[in-house]
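Student: Using only what follows, build the 3D model:
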Amino acid sequence: MSRQLSQYQVRPATLRDAKAIAQVHVAASQAAYAGLVPEDHLKSLSVEKRQAFWREAIDLCEPQVLVATENDQIVGFVGFDRSRDKGTPATTGEIWAIYANPALWGTGVGAALWEAARDGLVEEGCTKATLWTLWRNERALTFFDQAGFKADKGSARTTEIGGAKIEEIRLQRAIV
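Tutor: Residues are numbered from 1 along each chain as shown. All right, here's what the predicted structure looks like:
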């Protein structure tokens with residue numbers, strides 16, 4: 001599965017992509033979550049730890065990982081698979097992670113990744129997609145709203161990130 005949308009090429013990740021994925025993950029997390037999660041936690045994010053996580057995910061295909069490239073450079077990634085939420089039907093997929101190089105936010109990287117992930121979920125037999133995001137992450141909420149996601153009423157939960165209690169909400173949308 002290789003897909004061209006705008007100037008970004010989206011393709012399946014390989015093990016060699018793990019470091020670049022980790023670099024995007026750390027940079028995007030630090031930019032996106034500034035002011036939302038403790039600064040010490042953001043500073044402690046490690047490319048090496050993320051690289052190990054993404055190598056394993058790519059190797060096991062759990063989640064499935066796609067990368068967006070521009071001029072052969074990885075500029076974003078998405079991880080998706082069946083929903084991890086208890087009690088959801090097998091036809092419910094989940095976006096586990098979607099991140100883009102912060103310098104390219106608003107240029108279509110995220111949209112290209114979402115479209116490719118949606119196609120992958122449909123190929124897996126999913127009819128609905130969900131994801132979890134921080135309740136106060138306005139940029140993410142706007143992006144997902146534009147992609148057709150809506151809040152799953154009653155799904156709010158509190159999670160701990162860097163020692164702070166953070167509110168998350170599940171978003172959902174039909175994909176077929």
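
Student: after the helix or strand of the chain with the lowest mean pLDDT, next one along is what?
Tutor: None of the helices or strands of the chain scores lower by mean pLDDT, DSSP states H and E than strand 3-5, at a mean of 48. On the C-terminal side of strand 3-5, the closest following helix or strand by DSSP states H and E is strand 8-12.

Student: what is the mean pLDDT for that following strand?
Tutor: Mean pLDDT, strand 8-12: 97.

Student: buried sites along the helix or strand just after it?
Tutor: Going down the chain from strand 8-12, the next helix or strand is helix 18-32, by DSSP H and E. Burial within helix 18-32, assessed by neighbour count using 16 or more other C-beta atoms under 10 Å, is assigned to 18-22, 24-30, 32. (C-beta placed from N, C-alpha, C; glycine too.)

Student: Where does pLDDT dip in the chain?
Tutor: 1-6 (pLDDT under 70).

Student: Which stretches in this protein count as strands?
Tutor: 3-5, 8-12, 64-70, 73-82, 92-100, 128-134, 150-151, 157-161, 164-174 (DSSP state E).

Student: strands paired with the shortest one, and their directions?
Tutor: The one in question is strand 150-151. Its sheet considered, strand 150-151 pairs with strand 164-174 (antiparallel) by DSSP bridges.
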